[in-house]
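**Student:** After the sequence you'll find the predicted model.
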Amino acid sequence: MMRLSEVKKFCMKAKAASRVLANIDTLVKNRALDAMARVLIKHTSYILRENKKDICIAQEKNVSAALIDRLSLNEARISAMAKSIREIADLKDPAGDLIETRRRPNGLLIKKVRVPIGVILIIYEARPNVTSDCIALCIKSSNAVILRGGSIAIHSNRAIFDVMNKEAIKCGLPKNAISLIRDTDKKTVDALLKQSGLIDLVIPRGGESLIKEVARVSRIPVIKHYKGVCHTYVDESADLKMALEICFNAKVQRPGVCNAMETLLVNRKIAGKFLPMIIRRLENAGVEIRGCDLTRKLVKGLKAATEDDWYTEYLDLVLAVKIVKDASEAIAHIMKYGSNHSDAIVTKNKKNADLFLKEVDSACVYLNASTRFTDGGEFGKGAEMGISTDKIHARGPMGLEELTSYKYVIYGNGQVRR
């Protein structure tokens, strides 16, 4: 565990680096990002060896297959991490961007300009790619970043950080612009969360308990990337072939992530035809179905869904299924049990589509598409810091612009207020 004095000194170095980074030219940042992408590929074997250590420890602890998948790296995933860094390098630099200009009657010229937030603390758990994504996003937006990953991915995170940080310094970025907390003691995290004035923003990424605890302890503003209890509602007028593909993709393509479907809602008028088809296909893929009473009457042998199931983010091959009367009942269910993350309707009925898209108050609302698209890369942001379910400052995938604030720059020629 780091002593409080060590934590404070650590954060002071990051703060000093953030002031330097705020004035670094875009070209320097882009060259550094391109170089960091190259070193990730160059050191693939080393990163995979370190990742294997984490996987072996996780397997010894009998963690779920979905969590192992989130933890695991391979050549393709490292290549994707490098590709994401290059895409971020190619995006427009938000720092210094002119948002708005106003000329006042008294002659004052007021400019609203994007500026970096400063020092951002990222607290995350099992996904090693978060390390590279967050480094790249913070560098491009001119923010210093302090990374604190979970113990389950400690070897992977250290390896990714070490190769990227060494290259960043070599390319002219300030030392301590990128920092990694190497110990996993919770008391160190508690000390970090008290560094108001040195750390400007905290972004926790992980399970519900982690996010609640960070929000409880922190004296620093927190943007919550809360759980994803994501729904797909299949309306009575849905193209059932389309609905089959969307629902299967939303649940099975990668079940251990926050944008995977956790509850399937089906209109009662097409339930008899649709549910046997989708449930059979999902069960063949290893999904455990937990159904409402009506669902269990239609499809025999299913486990009964409890009240808790409607609130649950499984992050696994488990799905809750409920038959509803109409789009209004589906919306009511989502607003009661959902987490304001990502929800979808499959329909050919414009009235029902418009109702759903207007009334479902989630960060991302879909018509005829899988919730799995809630992702910074898929939204053209290169990557994301996470999916914010807050409404203040940032909502949905947090990319470069969401990592900035703004300031007003005012030009005068002697004006005084009377």
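**Tutor:** Sure thing, it's come through.
**Student:** Run the chain-centre distance for the helix or strand bottoming out on mean pLDDT in the chain.
**Tutor:** Counting by mean pLDDT, DSSP states H and E, the chain has its least confident helix or strand at helix 65-71, which shows a mean of 86. From the chain centre to the centre of helix 65-71 is a distance of 16 Å (CA atoms, centre = their mean, to the nearest Å).
**Student:** Also stretch 193-204?
**Tutor:** Put simply, stretch 193-204 sits 19 Å off its chain's centre (CA atoms, centre = their mean).
**Student:** Let's see the distance spanning that stretch from one end to the other.
**Tutor:** Stretch 193-204 has its terminal residues 11 Å apart, counting by CA to CA, to the nearest Å.
**Student:** ditto for stretch 119-137
**Tutor:** End-to-end span of stretch 119-137 (CA to CA): 13 Å.
**Student:** what do you get for stretch 301-319?
**Tutor:** 15 Å.
**Student:** and it, what's its mean pLDDT?
**Tutor:** Averaged over stretch 301-319, pLDDT sits at 96.
**Student:** if we look at it, which residues are touching it?
**Tutor:** Stretch 301-319 has contacts (CB atoms under 8 Å, 6 or more residues apart in numbering) with 64-67, 208, 227-229, 251-252, 255-258, 260-264, 279, 282, 285-293, 295-296, 320-322, 333, 336-337, 339. No exception for glycine: its C-beta is placed from N, CA and C like everyone else's.
**Student:** So which of these belong to helices?
**Tutor:** 65-67, 208, 251-252, 279, 282, 293, 295-296, 333, 336-337 (DSSP state H).
**Student:** list the contacts for Thr404?
**Tutor:** Residues in contact with Thr404 (CB under 8 Å, 6+ apart) are Pro94, Ala95, Asp97, Arg114, Val115, Pro116, Ile117, Ser141.
**Student:** Okay, strands next: where are they in the stretch 301-418 of the chain?
**Tutor:** Using DSSP state E, counting those that start in this stretch, the strands of the stretch 301-418 of the chain run over residues 303-304, 318-324, 342-346, 364-367, 387-388, 396-397, 404-411.
**Student:** Distance to Ile122 for these - can I get that in JSON lines?
**Tutor:** Output for the strands of the stretch 301-418 of the chain, formatted as JSON lines (distance: least, CB to CB, whole Å):
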{"stretch": "strand 303-304", "distance to Ile122": "37"}
{"stretch": "strand 318-324", "distance to Ile122": "28"}
{"stretch": "strand 342-346", "distance to Ile122": "21"}
{"stretch": "strand 364-367", "distance to Ile122": "21"}
{"stretch": "strand 387-388", "distance to Ile122": "13"}
{"stretch": "strand 396-397", "distance to Ile122": "15"}
{"stretch": "strand 404-411", "distance to Ile122": "16"}
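**Student:** and Ala168, which of the ones you listed is closest to it?
**Tutor:** With CB to CB as the measure, strand 404-411 is the member of the strands of the stretch 301-418 of the chain nearest Ala168 (20.0 Å).
**Student:** So for the residue nearest to Val217 when sequence neighbours are not counted, what pLDDT did the model give?
**Tutor:** Nearest non-adjacent residue to Val217, counting by CB to CB, 6 or more residues apart in numbering: Leu193, 4.9 Å away. Here, the pLDDT recorded for Leu193 equals 96.
**Student:** right, and Leu193 touches Val214 too?
**Tutor:** Yes. Assessed by CB atoms under 8 Å, Leu193 is found in contact with Val214 at 6.7 Å.
**Student:** anything in contact with each of these two?
**Tutor:** Counting by CB under 8 Å, 6+ apart, the residues touching both Leu193 and Val214 are Val202.
**Student:** Which of the residues in stretch 188-197 are classified as buried?
**Tutor:** Thr188, Val189, Asp190, Ala191, Leu192, Leu193, Lys194, Gln195 (16 or more other CB atoms under 10 Å).
**Student:** Contacts for it, please.
**Tutor:** Against stretch 188-197 from outside (CB under 8 Å, 6+ apart): 1-2, 4, 7-8, 11, 121, 123, 146, 148, 181, 199, 202, 214, 217-220.
**Student:** re the thing from before, top of the ones in helices among the contacts of stretch 301-319 by number of neighbours, please.
**Tutor:** Greatest neighbour count in the ones in helices among the contacts of stretch 301-319, by other CB atoms under 10 Å, goes to Lys251: 28 neighbours.
**Student:** dump the residue contacts of it.
**Tutor:** By CB under 8 Å, 6+ apart, the contact list for Lys251 reads Ala260, Met261, Leu264, Leu282, Val287, Leu317, Leu319.
**Student:** one step back: which members of the buried residues of stretch 188-197 are positioned in helices?
**Tutor:** Thr188, Val189, Asp190, Ala191, Leu192.
**Student:** Out of those, flag the one nearest to Val20.
**Tutor:** Nearest to Val20 out of those is Leu192 (CB to CB; 21.2 Å).
**Student:** In strands only, show me the contacts of stretch 188-197.
**Tutor:** Those of these mapping onto strands are Leu121, Ile123, Ile146, Arg148, Val202, per DSSP state E.
**Student:** so which of those is the most crowded?
**Tutor:** Among these, the one with the most neighbours (other CB under 10 Å) is Leu121, at 28 neighbours.
**Student:** Roughly how far does Ile345 sit from Arg104?
**Tutor:** Distance, Ile345 to Arg104, by CB to CB, to the nearest Å: 46 Å.
**Student:** same question, Ile270
**Tutor:** 59 Å.
**Student:** who's more crowded, those two?
**Tutor:** Ile270 (17 against 11).
**Student:** Report pLDDT for Ala14.
**Tutor:** 98.
**Student:** Pull up the gap between the closest residue to Ala95 other than its chain neighbours and Leu4, please.
**Tutor:** Of all residues beyond its chain neighbours, the one nearest Ala95 is Ser142 (4.3 Å), with distances taken as CB to CB, 6+ apart. Note on Ser142: its distance to Leu4, by CB to CB, is 28 Å.
**Student:** Which one's more surrounded, the two?
**Tutor:** Ser142 (27 against 14).
**Student:** is it true that the more buried one touches Arg114?
**Tutor:** No. Ser142 lies out of contact with Arg114 (CB under 8 Å); the separation is 9.7 Å.
**Student:** Need the residues touching each of the two.
**Tutor:** Common neighbours of Ser142 and Arg114, using CB under 8 Å, 6+ apart, are Ala95.
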